[in-house]
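Asks: sequence plus predicted model, see below.
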Amino acid sequence: MVQPDNIRNAVAENPPTFHSIDLNSINQYCQNNPVGKMLPDAFYIHILALHTLDPWLQEYENRARTCSERTCTERSRSSRTSALLKVQSATLVKFSTNKPKISYLFYPDFDTDPHPALQASIQVDVETLEVGYRDYSDSENPPILHRKETFVTPEYPLYEEFAALTRAQVALGLLNHTRGIGTKLGWEQRLQVFGVEVQGHSLIKRESSSTITNIFPKIERHKAAIIRPDLSRPVRLALESSLFSPETTFFDYGCGHGGDVTRIAEQGYTSYGWDPYYSAHTPRIAADIVNIGFVINVIEHQSERREALIQAWELTQKVLLVAAQVLISDIKRGVIAYGDGIITNRNTFQKYYEQEELKIYIDQVLGVDAIPVALGVYFVFRDDAEAELFRASRFRSRATTPRIRLCVKRFEEHQELLTPLMNFLTERGRMPIKGELPQAAEIAEEFGSLRRAFNVIIQATDTEEWQAIADKRRQDLMVYLALCNFSRRPRLGQLSPAVQEDIIGLYSSYKQACLDADQMLRSLGNTELIIKRCQESKVGKKLPNSLWVHISTLQAVDPLLRLYEGCASRTLGRLEEANVIKFHLKTPKISYLFYPDFDINPHPILSKVMTIDLRDLHVTYQDYDLEDDPPILHQIDALVTSDYPQYEKFAKLTRQEEDRGLLDNWHSISHVSGWKKCLQENCTVIDGYRLFWAKDADAYKLKALKAALRTRQRRKNISNESQRHGEEE
């Protein structure tokens, strides 16, 4: 790479005064600079072109450079960062235009490689002076550069060579769609599709023999089988959904290394498996539950893929588990376009389905109505009634058995005998019929009938609580029947006996239940009503444009909102790990968010988000695990109900943070960096779920903060007192 003589000479001669960080000024200076590449949230420039920047921007960069060099020097004895990297040897400088950060990017082959790969980067937070480091040297798919001439000045020795290559690529259309080509493997895929390659800084057509070799590779399917430390996702979900009973038999079609077969057998079930490579001589036998997990997506021939699915279905006596890779984000792996899928860099085939596409495929091939359980996982039931029972169970909300309020002698004498009846009433919201409750005969013998037994229960509990349970079960049925209308609502006789009895016991008729469900379904078209229900929700965290609820709280939200969410989850399933659901108000969308440390971190960090647009069921996905500054969650007590295990601890912390004014400006603390800055400005340290004053805080500032704290607490007490008096009046 061309090396700089003195990259700071312009600033050294005339150093400007650096006052404060102003993102608007940074953005403006970057946009106006004649050299460099401007993207929506960042500006890139070669290190030799820094002298073209406005002096203020040069000094801004100099501040980051000084901080980085100091940090590298301090770590020189223990870290390879400073041994390998010096800011002076960086290739590009990246100015973030939406946050006070500067990054130094290292492309050692910038001059020789037409699309050099990123080796490493140093990130400097110019505000907090924190320095981070990332190493891409071992990455199979590192970020790469295009349009190299944009980063340098026209005087750069290789400028014309760079520009000529870009012109050739633009003329061919290689750079028309930038999505996916920012990484090495994505770019190689683009070149493969166009039948060209880059040699030196020239674009050449591939030889036909080379093209043929690449188009017809030998697929090694068995390499797609992975050794898992635990059960695969579809089998684990089947266990969690109580599909296995003591007598259940299991067969794994395309079992790979046989991990699921072994682990299911260890749990006491009859378990077998077959695989064309690893267990080719094992017979394919029928079973109650058959799993064809992540098999159809590794078969490159469509006819063979279809045949495998049909054969697995023919072996299924009760439930077929189907799982496949689902395309929910940009593919950034080693891939080559092939057929209707891709070939990975391990020479295996992968068909990436859209979630809705996968359901349509299963339904059309097998002539069924597959039930989504999670992303890429579907259950297919042999018996329609069992399928409807499973669907209905997924929309049954949680209810708590009413507490014992009065001392009733007969109830106390027979409480153990009455407990199964109380549990059934809590679960179904109605009295059991003959054969539904094993203890029914014993209870009837003691009390004369189940109805009389229930009268004794009512004497010791609260009638209104039992009525509330019945209302909740009625709403559950209404949500279920409304969602059935998206496919084909079953006739009453097609439902399982338990669901039939639920409808008869809780509604005047099946017709009336369906009418109520249809009316509820029509309400979804009323955007203002949805917004109103979100804003008036008794549970969840309400923001100007959204309602956030923990997954455990979903069953407690308004039935119309449960139906709204069900429109997304019934068709596409939820992000499996999701523990927070976001209802969007401005657009008809549902987001599923995953906070891995929700229960252990007072301010959990966002890991993944899946958003479903209810207008066209389009799925978008975002992974924040590698983000420098991911979103962070506050006031988590607002997302759960008061019976959540850690609610009191959550709520106490929120009250303390409100008293200190930490949550006053929601937008500024929505990301990790903003929250750290807020804590620093307020001289606050968080340890677990407790707040402490920083030990090194300025005495005068601390005194002012404590005074403000007392003022807020007084105002809150006055407000609470006024509200209490108002309620009493």
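Replies: Ah, there it is. Residues are numbered from 1 along each chain as shown.

Asks: quickly find the element holding residue 250.
Replies: Secondary structure from DSSP states H and E places residue 250 in strand 249-253.

Asks: can you list the strands that that strand pairs with?
Replies: Here strand 249-253 has these sheet partners by DSSP bridges: strand 270-274 (parallel), strand 287-293 (parallel).

Asks: got the buried residues for the longest one?
Replies: Within strand 287-293, the residues that qualify as buried are 287-293, counting by 16 or more other CB atoms under 10 Å. Backbone N, C-alpha and C define where each C-beta goes, glycine included.

Asks: list of residues touching that strand?
Replies: Contacts to strand 287-293, defined as CB atoms under 8 Å, 6 or more residues apart in numbering, come from residues 232-235, 238, 243-244, 247-254, 260, 270, 272, 308-309, 312-313, 315-323.

Asks: show the contacting residues for residue 175.
Replies: By CB under 8 Å, 6+ apart, residue 175 lies in contact with 146-147, 166, 169, 181.

Asks: so for it, what's the pLDDT?
Replies: At residue 175, the model reports a pLDDT of 84.

Asks: please enumerate the strands of the stretch 501-650 of the chain.
Replies: Using DSSP state E, counting those that start in this stretch, the strands of the stretch 501-650 of the chain run over 541-543, 546-550, 580-584, 589-594, 608-613, 618-623.

Asks: burial count for residue 368?
Replies: Neighbour count of residue 368, defined by other CB atoms under 10 Å: 19.

Asks: picking up where we left off before, tell me which of the strands paired with strand 249-253 lies nearest to residue 101.
Replies: Closest to residue 101 of the strands paired with strand 249-253 is strand 287-293 (CB to CB; 42.2 Å).

Asks: tell me how far that closest one lies from the chain's centre.
Replies: 27 Å (CA atoms, centre = their mean, to the nearest Å).

Asks: after it, next one along is what?
Replies: Counting by DSSP H and E, the next helix or strand C-terminal to strand 287-293 is helix 302-315.

Asks: so what touches that following helix?
Replies: By CB under 8 Å, 6+ apart, helix 302-315 touches 251, 253-254, 284-287, 290, 292, 295-296, 299, 320, 322, 339-340, 351, 362, 365-366, 380.

Asks: related to what we said a few turns ago, in strands, which of the contacts of residue 175 appear?
Replies: Using DSSP state E, no member of these sits in strands.

Asks: what's near enough to touch the nearest residue to residue 182 once chain neighbours are set aside?
Replies: Leaving out its chain neighbours, the residue that sits closest to residue 182 by CB to CB, 6 or more residues apart in numbering is residue 143, at 5.8 Å. Shown in contact with residue 143 (CB under 8 Å, 6+ apart): 117-118, 136, 182-184.

Asks: quick one, which of those residues are buried?
Replies: The neighbour count (16+ other CB under 10 Å) marks 117-118, 183-184 as buried among these.

Asks: out of the contacts of residue 175, which is most surrounded?
Replies: Using other CB under 10 Å as the neighbour criterion, residue 169 leads the contacts of residue 175 with 22 neighbours.

Asks: mind checking how far that residue is from residue 92?
Replies: Separation of residue 169 from residue 92 (CB to CB, to the nearest Å): 20 Å.

Asks: also residue 120?
Replies: Distance of residue 120 to residue 92, computed by CB to CB: 12 Å.

Asks: looking at these two, which is more packed in?
Replies: Taking other CB under 10 Å, residue 120 and residue 92 do not tie; residue 92 has more neighbours (24 against 19).

Asks: now that one: phi and psi?
Replies: Main-chain dihedrals, residue 92, degrees, to the nearest 10: phi -120, psi 160.

Asks: tell me the contacts of the closest residue to it other than its chain neighbours?
Replies: Spatial nearest neighbour of residue 92, chain neighbours left out: residue 105 (4.3 Å); criterion: CB to CB, 6+ apart. By CB under 8 Å, 6+ apart, the contact list for residue 105 reads 44, 90-94, 118, 121.

Asks: list the buried residues for the longest helix along the chain?
Replies: The longest helix of the chain (DSSP state H) is helix 699-728. Buried residues in helix 699-728, defined by neighbour count with 16+ other CB under 10 Å: 705, 709.
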